[in-house]
Each structure stands twice: as C-alpha cells, then as structure tokens.
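K.L.:
sequence-free structure coming up:
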C-alpha cells in the first residue's frame, strides 16, 4: 500500500506525524505542497472524499492574514481557489494511505488506520 503524507515540512504537527510513522515502521512518501505545489486534481479528489470544510485551516496564519472579503461567503469553489493559491491554508497533515484519507494528526486514528491494514 502506498502511503503519502502531504503538508509542509516546517510544521510542528507534521513533525509529530513523521515521528509516529517512523516509530510505527510505516514507509511513506512526503509531498511538501508549499515547495512542490498543490495539484488541482489531487485537491478536488480530497474535497470529493471528505469535503472542503475538513481541509481548510481557518485557524492558521495563512487564512487569518486574508482580507475579510476573501474569508466571507466561502463556497467549495472559492475555498478550493484559496487553497490552490495558498497551500499553507490546507490543514496538515493530509495522509493518504490506500483509499483512506486522514486530515490532521491524531495518534489513535493513525493507529486504527494502520491496524486495519495489518490485521
């Protein structure tokens, strides 16, 4: 099973997720979407699977620095455009493990997801 962790390298939550994956012996690839960019097709797939509301990080600095007009009246299309223009606005990490997609880091959710695959 291919495991890809998407996010930004210099993020405390990402570090926790990397440490967990390493300690659990889970081989993974890393996609730094701040460096490599965020593909529209990939983002659209995530949005279709879990919704844009779960992906947009409203509490992060990138979102908070936006002007009020950009924050107001968010729709799926507007949120996707913002996330593509400002990848730092995507909640971190986004972990794709096979057909499962986990957003944010929660050790219990990671453990459950990988226990299913081993069992």
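P.N.:
Yep, that arrived. Small disclaimer: the values here were computed from a predicted structure and weren't measured.
K.L.:
so where do the strands sit in this structure?
P.N.:
3-7, 29-32, 94-97, 100-103 (DSSP state E).
K.L.:
just checking, what packs against the third one?
P.N.:
Using 3 or more C-beta pairs under 8 Å, 6 or more residues apart in numbering; DSSP states H and E, the elements in contact with strand 94-97 are strand 3-7, strand 100-103, helix 107-118. The way it works is simple: take the backbone N, C-alpha and C, and place the C-beta from them, glycine included.
K.L.:
pLDDT of that strand, averaged?
P.N.:
In this model, strand 94-97 has an average pLDDT of 96.
K.L.:
repeat for the longest one
P.N.:
Strand 3-7 shows an average pLDDT of 97 in the prediction.
K.L.:
please apply the same query to stretch 52-60.
P.N.:
So the average pLDDT for stretch 52-60 ends up being 94.
K.L.:
numbering from 374 from now on, please.
P.N.:
Done: numbering now begins at 374, and the last item shifts to stretch 425-433.
K.L.:
any idea which of the strands of the chain is most buried?
P.N.:
When the strands of the chain are scored by mean count of other C-beta atoms under 10 Å, the highest mean neighbour count falls to strand 467-470 (a mean of 22).
K.L.:
just checking, residue 394 touches residue 401?
P.N.:
Yes: Residue 394 is in contact with residue 401 according to C-beta atoms under 8 Å; the separation is 5.3 Å.
K.L.:
Throw the strands of the chain into CSV and include distance to residue 428, thanks.
P.N.:
Converted to CSV, these look like this (distance: least, C-beta to C-beta, whole Å):
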stretch, distance to residue 428
strand 376-380, 10
strand 402-405, 15
strand 467-470, 7
strand 473-476, 6
